[in-house]
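Q: Structure, please.
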Amino acid sequence: MTPQILQLSDGAAVRLRDLGDGEPILLIHGVGMRLEAWEPQIAALSTRWRVLAADMPGHGESDPLPEGAGLADFVAWAARLIETLACGPVNLVGHSMGALIASGVAIERPELVRRLALLNAVHRRTPVARAAVLARAEDIAQGRTGIESALERWFGPGDEAVRDHVADWFRTIDQQGYLAAYRAFARGDTVYADRLGEIAVPALLLTGENDPNSTPAMSRAMAALMPRGEARIVDGHRHMVNLTAPEMVTAALEDLLAREEACP
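A: Numbering: from 1, shown residues only. So this is what the prediction gives:
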């Protein structure tokens, strides 16, 4: 199905893909990407569920948030999107920055979330890692997008075809939208860190074994804080596991969707 443009309650436009029928799944991508990053999961999951994938603010064809927006503003955007869709509560899946947004929605608006999947999420970066990501945000602000360095972090040997595809998306991104999201991402790893224990729904924390920034230790730590959290590590992969290990990611999501919503 061709993506559509949806208008939120505040008038903002969101580009959305809506495919399939059944219990709703909302997919939110990471910084620098667009809804097409979920194509393998959209194709596989829409045979049994209603799958919705949206361009994040300032990405693809979605309107940006106001200047200076932080993570909480992106969380409020996602809540408005779910409310506008009028299909909540949803199974909420986020990758990287999308994972920060998704966890925020599960905390701030728990009535909107059935189950939660956080792919390649960041959690309490070390001081060195925090300095590095803030420096990258400054590089973007100065017009140095750092495409190659990002691709080096995200992909490993054997991922060349997918890597080239992602590089094409990078080259067409709106720089101001990218910068706004990256700044929120750079400062977002501690915003909800103390409240993860409030997430009572079934939760999947999944990352790649070789992801240098969204590490296995982070996913395990987050899962341990959630009453119904489960960590899964994808051996041999890095940051873009939804594209480099699509079958494994989809299978993990299917396992999550089979879990009972309510606590026994």
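Q: How about Ser9, nearest residue that isn't a chain neighbour?
A: Closest residue to Ser9 apart from its sequence neighbours, by CB to CB, 6 or more residues apart in numbering: Arg80 at 5.7 Å. Any C-beta I mention is one placed from the backbone N, CA and C, and that applies to glycine too.
Q: Please apply the same query to Arg171.
A: In space, Arg171 is closest to Ile147, 7.2 Å off (CB to CB, 6+ apart).
Q: List the contacts of the one you found.
A: 167, 170-171 (CB atoms under 8 Å, 6 or more residues apart in numbering).
Q: Just among those residues, which is most surrounded?
A: Phe170 (16 neighbours; other CB atoms under 10 Å).
Q: List the contacts of it.
A: Taking CB under 8 Å, 6+ apart, one finds 32, 145, 147, 150-151 in contact with Phe170.
Q: ok, back up a step: with secondary structure added, can I get the contacts of Ile147 in JSON lines?
A: JSON lines is the format used below for the contacts of Ile147 (DSSP: H, G, I helix; E, B strand; the rest coil):
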{"residue": "Ala167", "secondary structure": "helix"}
{"residue": "Phe170", "secondary structure": "helix"}
{"residue": "Arg171", "secondary structure": "helix"}
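Q: Name the nearest of those residues relative to Glu230.
A: Proximity of the contacts of Ile147 to Glu230 (CB to CB) peaks at Phe170, which lies at 31.7 Å.
Q: mind checking pLDDT for the closest one?
A: Looking at Phe170, its pLDDT reads 85.
Q: Gln175 now?
A: On the pLDDT scale, Gln175 gets 87.
Q: With Leu71 instead?
A: Leu71 is given a pLDDT of 98.
Q: Quick check: closest non-adjacent residue to it.
A: Leu71 sits nearest to Gly188 (CB to CB, 6+ apart), 3.9 Å away.
Q: State the distance from that neighbour to Leu52.
A: Plainly put, Gly188 is 23 Å away from Leu52 if you go by CB to CB, to the nearest Å.
Q: Next: Leu118.
A: With CB to CB as the criterion, Leu118 and Leu52 are 17 Å apart.
Q: quick one, which of those two is more surrounded?
A: Between Leu118 and Leu52, counted using other CB under 10 Å, Leu118 has the larger neighbour count: 34 against 26.
Q: check which helix or strand covers that one.
A: Assigned by DSSP states H and E, Leu118 falls within strand 113-119.
Q: Please point out which parts of the helix or strand that that strand is followed by sit buried.
A: Sequence-wise, the next helix or strand downstream of strand 113-119 (DSSP H and E) is helix 127-141. Neighbour counts over helix 127-141 (16 or more other CB atoms under 10 Å) mark 129-130, 133, 136-137, 140 as buried.
Q: Columns distance to Ala13 and pLDDT on top of the residues you listed, output as a markdown table?
A: A markdown table is the format used below for the buried residues of helix 127-141 (distance: CB to CB, whole Å; pLDDT from 0 to 100):
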| residue | distance to Ala13 | pLDDT |
| --- | --- | --- |
| Ala129 | 34 | 92 |
| Arg130 | 33 | 92 |
| Val133 | 29 | 91 |
| Arg136 | 28 | 88 |
| Ala137 | 25 | 86 |
| Ile140 | 24 | 85 |
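Q: and of those residues, the nearest to Ala231?
A: Ala129 (19.2 Å).
Q: surely that closest one meets Thr215?
A: No - look at Ala129 against Thr215 with CB atoms under 8 Å: they stay out of range, at 9.0 Å.
Q: Any stretches of this structure with poor pLDDT?
A: Counting by pLDDT under 70, the chain contains low-confidence residues at 1, 145-146, 262-264.
Q: In the stretch 151-264 of the chain, what residue spans correspond to strands?
A: 203-208, 229-234 (DSSP state E, counting those that start in this stretch).
Q: what about Leu92, which SS state?
A: Using three-state DSSP, the structure places Leu92 in strand.
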